[in-house]
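[1] Can you look at this prediction? I've put the sequence above it.
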Amino acid sequence: MTYYNISENLKTIIALNDIVYAPANAEIGIVFAYLGASDNKDNGVESFADILFSAMSTLVDIDNPAIPFITMILSGVLNSYTTNTPSSLLAPFSEISERYLATYMQIDTDLTTIMNDPITYRNTEYTIPTELQLPAPFTGKTTISINDLSGVVIPQPGTDAFNNYKDAFIIGFQYALARQQVPILGGYAIGGFEVNDNPEFWYTMAMPPPDVDTYVWTDGQYEIDSQDLGMDKAITISGTRMEDFARCAGQFCAQVGGALVVVVARSDTSITYIKMYMLKNFVLEDESGWYLGAAGFYGWLFIDDGFGNTLNKNGVAYRDEVFRKWGIQYGAQIPDGV
């Protein structure tokens with residue numbers, strides 16, 4: 001066993017914890033600013049741990065066999081706080097930023113103690129959170145021991161590998177915080193459809209039969225517009241061929257901002273689709289009082305247009321995932337696309 005390896009690896013993990021703190025903490029202010037809200041409520045030990053677990057999970061996608069040890073150690077230490085909470089994390093805080101500061105300092109304290117005396121603490125073992133998706137050969141691993149750090153070399157600060165997993169952590173932190181807070185504080189719901197699939201909200205673009213010789217669409221046209229919003233902001237995207245649909249639908253989503261077009265049926269001669277909107281103050285069957293959020297919010301949130309085209313490579317998440325899987329009201333009722 002190499003105790004030196006244990007100490008050096010713990011030093012690197014501590015360095016990561018320290019270096020990501022400032023930029024990750026800044027993301028808290030950014031997320032709340034885009035939500036038009038204030039960071040004035042503690043989300044508690046377990047809910048904040050969920051954010052950090054998600055951030056740590058992004059590290060395992062990096063192609064380096066030593067990186068999963070960072071995820072397992074950090075998540076194991078953090079997981080121990082949810083079952084045996086240190087006194088420094090017990091009291092409610094006034095904001096999430098304060099909880100992050102206390103958590104990051106507690107992690108530093110605990111790992112520094114072990115780093116300075118690896119012989120005494122070599123058999124310390126942590127339980128890995130079940131929600132972590134670890135790569136092979138760690139799939140199914142449930143615990144991590146300090147001893148496990150003796151046989152690996154984790155890339156240290158100043159290396160490209162370190163910078164890669166540092167950046168991955170910050171991106172993962174932003175994603176997890178936004179996913180947690182948007183449904184809680186955003187005031188958004190998914191509108192543009194009825195629970196009973198009211199045909200009023202379904203649209204079909206049909207084409208006449210193709211020329212029997214060339215099978216090329218030469219006439220017929222369709223429009224995707226935002227008139228159903230009942231707003232002054234009228235956007236119309238037109239096309240004349242089936243091949244135009246994905247391009248035009250993506251343009252529509254990008255221009256409206258908070259829109260998602262879902263194709264629910266298609267044939268050689270028609271496409272049936274539904275238009276969904278991420279609206280503020282939307283309630284089913286209410287005909288007014290709801291509205292689109294700020295264009296800047298949607299531009300920050302969405303990576304793509306819903307049809308495979310990148311709008312903002314630094315966006316938080318993909319459009320379809322946000323609409324369907326983030327827990328935003330009515331999002332789970334969106335029909336499957338084809």
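    Arrived safely. Please read these numbers as outputs of a predicted model, since none were measured by experiment.

[2] In contact with the residue lying closest to S226 once chain neighbours are set aside: list those residues for me.
    Ranked by C-beta to C-beta, 6 or more residues apart in numbering and with sequence neighbours excluded, the top spatial neighbour of S226 is I235, at 4.8 Å. Quick note: C-beta positions are derived from backbone N, CA and C, even for glycine. Counting by C-beta atoms under 8 Å, 6 or more residues apart in numbering, I235 makes contact with 225-226, 252, 255-256.

[3] Please pick the buried ones from those.
    226, 252, 255-256 (16 or more other C-beta atoms under 10 Å).

[4] Make CSV out of those and add pLDDT and secondary structure.
    Converted to CSV, the buried ones among the contacts of I235 look like this (pLDDT from 0 to 100; DSSP: H, G, I helix; E, B strand; the rest coil):
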residue, pLDDT, secondary structure
S226, 81, coil
F252, 91, helix
Q255, 92, helix
V256, 92, helix
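
[5] what's the closest of those to N17?
    The shortest approach to N17 among the buried ones among the contacts of I235 belongs to V256, at 40.8 Å (C-beta to C-beta).

[6] Against F302, how distant is that closest one?
    11 Å (C-beta to C-beta, to the nearest Å).

[7] cool, T109 as well?
    Distance from T109 to F302, by C-beta to C-beta: 39 Å.

[8] Do a quick rundown of the strands in this structure.
    125-127, 143-145, 188-191, 202-206, 222-225, 236-239, 259-266, 270-280, 291-292 (DSSP state E).

[9] Which of these comes out lowest on mean pLDDT?
    Mean pLDDT is lowest for strand 202-206 among the strands of the chain, at a mean of 64.

[10] S270: neighbouring residues, count only.
    Residues near S270, counting by other C-beta atoms under 10 Å, number 13.

[11] An error on my part: the question was meant for S94.
    The local packing of S94 (other C-beta under 10 Å) involves 11 other residues.

[12] on that earlier part again, can you tell me which of the strands of the chain is most buried?
    Of the strands of the chain, the one with the most neighbours on average (mean count of other C-beta atoms under 10 Å) is strand 188-191, at a mean of 24.

[13] I51 contacts Q180, correct?
    Yes. Between I51 and Q180 there is a contact at 6.3 Å, judged by C-beta atoms under 8 Å.

[14] Those two: who's more crowded?
    Using other C-beta under 10 Å as the criterion, I51 and Q180 rank with I51 on top: 26 against 20.

[15] got the residue ranges for the helices in the stretch 151-300 of the chain?
    Listed in chain order, the helices found in the stretch 151-300 of the chain under DSSP state H, counting those that start in this stretch are 160-185, 244-256, 295-301.

[16] In terms of neighbours, single out the busier of T109 and F302.
    Applying other C-beta under 10 Å to T109 and F302 shows that F302 carries more neighbours, namely 28 against 12.

[17] For I334, see how far away the more buried one is.
    Note on F302: its distance to I334, by C-beta to C-beta, is 15 Å.

[18] what does G289 give?
    22 Å.

[19] mind giving me the domain ranges of this structure?
    Domain assignment for the chain, taken from automatic domain parsing, gives 3-185, 188-333.

[20] Least confident of those domains, on average?
    domain 188-333 - the lowest mean pLDDT of these, at a mean of 79.

[21] Measure how far that domain is from the centre of its chain, please.
    21 Å (C-alpha atoms, centre = their mean, to the nearest Å).

[22] and that domain, how far apart are its ends?
    15 Å (C-alpha to C-alpha, to the nearest Å).

[23] cool, and stretch 36-45?
    Stretch 36-45 end-to-end distance (C-alpha to C-alpha) = 24 Å.

[24] Pull out the buried positions in it.
    So stretch 36-45, judged by 16+ other C-beta under 10 Å, has buried residues 39, 42-43, 45.
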